[in-house]
Structure formats: structure tokens, C-alpha cells
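Enquirer: sequence? don't have it. structure:
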């Protein structure tokens, strides 16, 4: 429709309004889709005229147009539903649920179930998330405020919320002007003509009555066709093939885009989402990011909120965020992060000597103190910055010269060197990529410690490979590279096959920035001539052609939650620019001040969480608040920085690595970073480079038949731990949690680290929560501040279904969803699904026999559960459809342990038959099995509970058996290490990795706890029962279960047979297990050493 036709509609709307044709006005507004009358919409919502509200909205958007629209319709229908429930009109509520709300179950089945459960409540305000719901009037008002924000943020309403400024009766004025013009064209104009119709052109006529045709019959305006809504987002993303209209936030990057929208979040629709390697708009998200919780928060008009996911079953790896209930009721608090300059990492805490000039760095995405480094000589290294240990070092070397191109072979023949241009970790830290200045890209797989393995060698580009990044289009891990040959290429990260080649730049491509918004994956690329382009994974050419500020050589980066785009670059003249982009318009939103005008080299920058920017310039590290163009602060890091240093910030924003002129690296930290570095400083003497292939029993080593042989180097041999014995309460920090249970059989920390959940022998659960306070500002579990025993106001308790029979036949088990929203639990009866916020039983299923003996959530879909049974089978159960998808048979006795590896895509199971099995998650076929080697003298116990847990590298498996601890490597189940305790220690009752997988905490039935190194299985500390148990207990008490804190590597908790739960930490705020304090004034340490104890040598 032409602009004149559009304006005609506005003139008609004004005319109809002036003539009081109210219904017709709103009908035309709806049918044309040109003007959304917010006042009419507000009146209809306030009056509860829901049918009129939805009919009116339908002229502008449909439910599935985009996430803003979906959320708008959801909020309206949810309010209708709640009002029906409030009126006790259950028939109406059911009708709304089935006919109107069920459409959202496609996006979030769990949410729909949660909403359905409201029907079972006498008053829906019993639901904790709806407890602040007031009366109907106030609720509508709150919802209306939310809807207005969503509408203003919705790109489909862009330019439709403001009625043009018109003089009164503008259409009448134009008609009069037209008639005057027609009258002037009359050959015989009459004074005061009497015009009686507008249906034909005016003419005073000839004396003989002949009609004279008017030039006005040349139409200036065409017909006014009906305009439907804008099309929904296509499957291929932000840049629809020309000439299809663009409907995403990046549409504005196209010349003369037809549609654009701001970077305001509609909030996810649903209540959480499975966690995907390709999550929608990384929300803390971030993510990520199908929780069932009702997360009442307001939409923010400036940026996509990083929304917490209070609870939910669908918290796995492929997150499609869905927060469908965000409205804030009075009295509800918001969790907005507050920052100050004290949060900036500015204090020099470590200095590392690399030995050659630093070109690129990247912190590990999980292990926040692990730094990957690349140099100008082609060397790469992995540093543990806390202990200042260089874990891995590799020099440039072509792995297979014969497979390289002739050009590369010729180049290497003349000079067998290459500089590193870029190093980067994959999203999970399992792979790392290196881009070199000569053709080559190396992809390594990293397995912890010094275990770095060659994975792929790719002859990627002719000349320099300037940049490299990992991306995950359609859940396929890929490597994106760019180079001197002016191309961008995409490679399969598993096979090395080339998937795409993007051509279109006229200069060498300097950097790439893969990203995803909604379900759209794309790649920004920048060239040395300052051109910015964007590509979809479809080989259809660039969707963007834009100039960087100053035509500078530029790099681009998104903030942590993926909602704001920044770039930093330096022009040929040395002038540097750091800017934020308005993606909806493809234009610079703000230019930050404070960069130099004569930079040497391209200024590097990074983003810190969602708040700060940092760049290396003029021998300083410079910081900006993202929301202010003025320079916030600077630091010279105590001097010694080059003019344009290389820098990188870790994911948590606690550590900053910056290169020095002395071929070194300075690690800057904030207060939290300094604490982390201190906690890592003496971690030890443990080395992941420790030898494999031996069993430690009472200090003796012996070989295992199928263990990989490795010869330890001198450094490994020297790293022998001196066993620390703890026998007194003063030698550790311990806290017994209030309110004892019957014997504790299962124990786990919540993933947030702020609570502990215990399951007792009588099938009762108890939850202790640590609150934020002056003594505990993070609200994390610790041994210094007692927690509160959590109990919802309803008084509901979480108790499992039980059955009659022998207690020894019951194997209690539970599993917690990743977002701490739900716990799946069983105590010999049916499996129960509990809501962790309300303690309500959401559902029960699988009545025995057989009974569940082990539970594990699928890592990619929390609606799928692996269930080990007492009949030796494993059932793969889909909670959403209440159906067993697969039944796995391979064990001979009941299954007591399950662990998933998302990296290997396998499930490892263990059973009372002392057998391990590996199952493919693709088709659930058995890939391998292995019998645990029971030491001589240990008779097999038919009731033994063999358990398994994956190391942080998702490859090595800790196997816990009453007779031993062992490490196996999946998927082939090769035995790497075995540790057998002394007979005097009794049997192992439970064991677990520390959160950083550097230590193993093992509990014994003599009441002691042993702490071992995770790789070598060396015993470094033994905690005697007298140090934490009450003296002279009335009966034999020992820890039946043990759990490790999810973020504090030196904290663990034990559940005792007397019903007690103890949190245990080493002495001192920065204490470490197995590290004796230095003597003072000749006094010896406060702990005793026992060099002859059982440990690997």
C-alpha cells in the first residue's frame, strides 16, 4: 500500500471519530492494522471485555507471530482464567483452560500442567507465586501495565501506536480544496456554485449543458487493500531472502528495511526452558533458559531481562525460554543486580611468565581460573592462574603435512613457524580451537589437567586464519573461521567437514561473531576495510553490508545475555572506536568516550556480564558502564602494559587477564576473584598429569590388566601428598543442621548452593535454606551461619509413597532438576514428582513392582528420566506423555547408579551385580559393559549399592563400591585407577566429586571421611569421627551419604545414620583439605601427619 493510501485511512479514521462512529472507527483500526488505539484497548481490558480485546488484537498480531505476541495473549487468557477461578466458576475456568490456554501447552507442557493444577486448589492464592494476587480490579491494572510494555516493545506494533498530528476535519478540508480546484477548472464558473454530490467531479457545465471532464480523474491514490499482520519469523532468521520483509531485530541492518524492532524482551513465554547449546537469547540468561514456576516480573523496555528460572522440569540443554506468567504483584521483590566500581577486576593478583608475546587469551567457560593462551611464536598454553601452574604447553606443529595444500607446504618449507591469531574454548570447555597465521586451524579435545588431545587439523584458508569461533546451528557444534582469503567458512566440529563458505567481502575478513536470537542463527563478520556483513547458514549471500565507525578494523561481541551488541575497532589512522549498536536500525546507538586517537594495533575489548565494557588502550585497562558513554575508570595494572594490550575477562567477571611487555600475563581480580585465587593457590600438589595404571592398597601399588600404561614424569613423581589426619573438632569447621530426621539415606545440595535437601529412611524429605544476611551476603550454604528448615505456609510436607516389606530391599533415590524447581524421588513405592517451592506432589507414577532404585534426569530434556529398577532393568520414561520410551536390559541385579554424559551422549549405569554398562542416548543400545574388579577378601554383597558420577570433563567416571573407589574412562570403560581402603577404615558408604572435580569426598561406615585427589586417587586428608560426631554416641553413627557443594570445592555435607546432617569445611576462611599450616615460633602444625597411610605413590 502506498503511503498516500495509508494516510487516507488515517483521514477516514479521523472523520469517523469526529462523526461519532465509534464501533466503525475501531473496526477500521483493526482491519487496516495501521493504528492501535491504546486508549480503547485499555478501556476494554479494564472493563474485562475479553472477546473485544482479542478481536481487536487480532487485527495487529496473532498468538504465534513472536514471543511478545504470545505473551500478550497468554497474559489476557491467564487473567480470564484466574477471574473465573476467583468467582468459583470452575466450568468457565475449564472451558478457558481447554479452548484458550491449551494452545500454549505446545510451547510449555509443564506450564500448562501447573496452570491446570490451580483447579485443584480451594483458592488459587494458595499457590505461592499467586499469593500476592489482589482483587480483580487491581489485577487487571497490573496486567494492563505489563501489556502496554509488551505492545510497545513488539515490533509488529512499531509506528502503529501514534496517531498522526492532523488539523481538525482534515478530510473535509481536502475535499473542499479539491472542489475549489475543480471549480477553477470550469470553463464557465458560476458564482456560489451549488455542489450536491461528491460522486462525480464538479462542473458548472457549458451553456449547452455539455459535461467537461476534469483532470481529477487521474487518480493520485490507488485502492486501499486490506492489510494483514506482518509475517512471522521465518525459519532462516533475521535476514529473509530479498524481497521478503524483515521482521527481526536485525532487519534494520538491511538497506531500507521494512520492519525493525528494539531489543526489548517480551520475556520468555513459559516458565523456564531446556538448556540448549543453542538457547534463545542466552538468559540467565543465560539462559537460557520450561520451568513450571510462575515468575512474576515486569518486561523491561531497555533490554531483555535475565530471568531466573525458579523451578521446572524442562531445564535441559535445548532451552526454548518460556516465562509465560510474568506479572508482578505488589509486595513482590525483584532480583536486579547492583554493581559498583568495586566489582571491577582491577587489583593485580598474579603475574604469569609465558615467554613470548601474547596474541590471544580465553578463560575456560566452566573452570573460571583456567586460562587458554596463544602467542606470536605459535605456542599455546593452558594455565591454572590460581596456582600459577602451566598445565599444558604445545608448540606449532602441522600434524599431517601430506594432507595440506601445496601452498601451505611451500610456505612451511620456507619458514616452519606460525603465530597464533586466536584461541577460544567451545561452549562447554570440552574443545578448544586455535587459528594460526598460516592456513591452519587446530581443534583439540581437553580432558582436564595436561590431557590435551589432537582432534582436528583443518587447512582452512589461504594465508592468515584471522579468527575462529564455535557456534551451534541446529544443535550441531560447528567451528566458524575467517581469513586473509576474504571468506568465512563453517566446519563440523566433530568430523571437520566443511559445511558452508561465505563469500562477499572485498578485503581480508578480520573477525566473526556467531549468535542466535530466537530460533535464528547468524554470523556477523567484519573485514579489515571496516565492512560489516551478516550471514545465515544457507549459502544465500550476505544479508548486511554496513560500515564500521571510522571504517575501522573491528571485532563484535554481545553481552552475556545476548541482548546488546557492541563493537570495538581501530582505523588505519590509529583512531579507535567502541560503540553499542541499535540492531533494529543497523546504526550506532552510542559511542563511548575515552579511547585514544593514535592507537598502535587494533584495540581489543571484552564485555563483563551485562554491565561493563573493558578495553586495552594507551598502556591501560579502561572500563565503561554499558549505559554511560563516559569512561568509568582505568588502571595501569601497576605498569608494564603494552600500548594496546591483549585482554580477556572470565565468565563471572571476577578475573581479568592482560598481556604485558615482558611476554607475561597479569591477572587482575575483584574481591571475589581474589578469594577464588586464594582458594586455588595451594590446591595442590594434585596434578591432572598424574600417572595412571596402579591400584593403591595400604600404600602398595599393583597393576590392573586393562589399565592404560603411562610413565609419570619427574614432576608427577614429586607431587606426593602428605596425609593429614584430623581428629579434633578445632581442626575443622562443622555445623549440624537443626531438626534431626530418622537415618538420612540421600543428600544433595541445590544447584544454586543455597540449600540442602535430605531424604530420610522413613521417606520424608527436609529442606534447609540459607538466607542472605550480613554474615552471609551470598545466601550460600556454609558452616558458619545456621540455615532455616524450610516449610511452605501450607504446611505440606514431601513424603514418598512406600510399600510394605523388608527395609533392606528398599533403595531410596532422588534426582533434582537443574533449576532446583522439582525433585523426583522414590522410597520403594511409586515415584513422586514434588514442587520444591510448594512441596506439593505434582504427580506419582510407576507403582511397583518393579520399584525404582535409581533416578537421573536426561541432560537435554528434563521431561525424560532414566529410572533404574530393582528387576535389573532401566526404563527411559517421558513424564510429559506418561510413557516408557525404552526399556534397557543388561544388568543381572538391581540398578543402583545412573549418570549421563552430554559430551559423549551416553548413559552409564551401575548395579548390585558390580557391573557397569554404557548406553547410547541416540538409540539406547548398549555400547559397552565392564565388571568391577572386586579385591580379594571382599565377598560380593548382593545389597551393595554401586554408584557412578561423571567427572567435570564428562568422560571419566567415578565408580563407588563398598570395597573401593575407581576411575573409568567412558565410553569404552577402560579402567584408569583403583583405590582400596585399608580394612580398618571399614566399607565405603558413599563418595562424590568436589564441584571442580579436583577432589573426591568418601564416607566410611567407621564414621570417618577421606579426601582424595581426583586423578591420582591419593589420600590427602582423613577426617576422624571424633572431630565432628558427638562424643560417646549412644549407638554406632556414621555417614550414610555425602554431598559436595556445587560451587565451593572445599565444602561437603554428610547425612548420618542418627538423622543428623553436618556441613563440613576446612579450618580458616581460605583453608584447604590436606594442607598443613606453617609452624609458628617453632610450634608444630595443629594437625598430625601420617606418611605411611594408604595413598598412591
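Expert: Cool, the structure landed. Remember, predicted model here, so these are calculated numbers, not experimental data.
Enquirer: how many other residues sit next to residue 670?
Expert: When neighbours are counted by other Cβ atoms under 10 Å, residue 670 registers 22. Every residue, glycine included, has its C-beta placed from N, CA and C.
Enquirer: pretty sure it contacts residue 340?
Expert: No: using Cβ atoms under 8 Å, residue 670 makes no contact with residue 340, being 10.1 Å away.
Enquirer: Which parts of the stretch 501-650 of the chain are strands?
Expert: When assigned using DSSP state E, counting those that start in this stretch, the strands of the stretch 501-650 of the chain occupy the ranges 509-517, 520-527, 531-536, 544-547, 553-558, 565-570, 576-582, 587-591, 605-608, 612-617, 620-625, 631-635, 647-649.
Enquirer: Need the ones you listed in a markdown table (columns: mean neighbour count and mean pLDDT).
Expert: Formatted as a markdown table, those follow (neighbours: other Cβ atoms under 10 Å; pLDDT from 0 to 100):
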| stretch | mean neighbour count | mean pLDDT |
| --- | --- | --- |
| strand 509-517 | 24 | 92 |
| strand 520-527 | 24 | 92 |
| strand 531-536 | 24 | 92 |
| strand 544-547 | 17 | 84 |
| strand 553-558 | 23 | 93 |
| strand 565-570 | 25 | 93 |
| strand 576-582 | 23 | 92 |
| strand 587-591 | 14 | 90 |
| strand 605-608 | 23 | 93 |
| strand 612-617 | 25 | 94 |
| strand 620-625 | 21 | 94 |
| strand 631-635 | 16 | 93 |
| strand 647-649 | 24 | 95 |
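Enquirer: could I get those as JSON lines with distance to residue 120?
Expert: Listed next are these as JSON lines, based on distance: least, Cβ to Cβ, whole Å:
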{"stretch": "strand 509-517", "distance to residue 120": "38"}
{"stretch": "strand 520-527", "distance to residue 120": "39"}
{"stretch": "strand 531-536", "distance to residue 120": "46"}
{"stretch": "strand 544-547", "distance to residue 120": "52"}
{"stretch": "strand 553-558", "distance to residue 120": "43"}
{"stretch": "strand 565-570", "distance to residue 120": "46"}
{"stretch": "strand 576-582", "distance to residue 120": "47"}
{"stretch": "strand 587-591", "distance to residue 120": "48"}
{"stretch": "strand 605-608", "distance to residue 120": "46"}
{"stretch": "strand 612-617", "distance to residue 120": "47"}
{"stretch": "strand 620-625", "distance to residue 120": "48"}
{"stretch": "strand 631-635", "distance to residue 120": "52"}
{"stretch": "strand 647-649", "distance to residue 120": "48"}
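Enquirer: Downstream of the lengthiest helix in the chain, the next helix or strand is which one?
Expert: Secondary structure of the chain per DSSP state H: the longest helix is helix 67-86. Of the helices and strands lying after helix 67-86 in sequence (DSSP states H and E), the nearest is helix 90-96.
Enquirer: Now find how far off-centre the helix or strand that comes right after that following helix is within its chain.
Expert: Using DSSP H and E, the helix or strand that directly follows helix 90-96 along the chain is helix 109-117. How far helix 109-117 lies from its chain's middle: 24 Å, per Cα atoms, centre = their mean, to the nearest Å.
Enquirer: Also stretch 597-615?
Expert: 24 Å.
Enquirer: Straight-line length of it, end to end?
Expert: In stretch 597-615, first residue to last residue: 14 Å (Cα to Cα, to the nearest Å).
Enquirer: pLDDT weak spots in this structure?
Expert: Filtered on pLDDT under 70, the chain yields the residue ranges 1-3, 192, 205-339, 518, 681-721, 741, 937-944, 1032-1034, 1069-1070, 1075-1097.
Enquirer: and residue 157, how many residues sit next to it?
Expert: 21.
Enquirer: For the residue nearest to it when sequence neighbours are not counted, pull up the helix or strand it's in.
Expert: Nearest non-adjacent residue to residue 157, counting by Cβ to Cβ, 6 or more residues apart in numbering: residue 151, 5.2 Å away. Element membership of residue 151, judged by DSSP H and E, is helix 136-153.
Enquirer: could you say what helices and strands that helix packs with?
Expert: helix 38-46, helix 67-86 (3 or more Cβ pairs under 8 Å, 6 or more residues apart in numbering; DSSP states H and E).
Enquirer: right, so of these, which gets closest to residue 1018?
Expert: Residue 1018 lies closest, by Cβ to Cβ, to one member of those: helix 67-86, at 51.9 Å.
Enquirer: when you compare where the closest one runs with where helix 109-117 runs, what's the angle?
Expert: 20 degrees (axes from the mean of the first three to the mean of the last three Cα atoms, to 10 degrees).
Enquirer: looking at the helices and strands packed on helix 136-153, which is buried most?
Expert: Of all the helices and strands packed on helix 136-153, helix 67-86 has the most neighbours on average by mean count of other Cβ atoms under 10 Å, namely a mean of 22.
Enquirer: how far off helix 136-153 does that helix point, in degrees?
Expert: 170 degrees.
Enquirer: can you give me the helices for the protein?
Expert: Counting by DSSP H, the helices of the chain are 3-18, 22-32, 38-46, 50-58, 67-86, 90-96, 109-117, 136-153, 170-185, 406-414, 671-681, 714-718.
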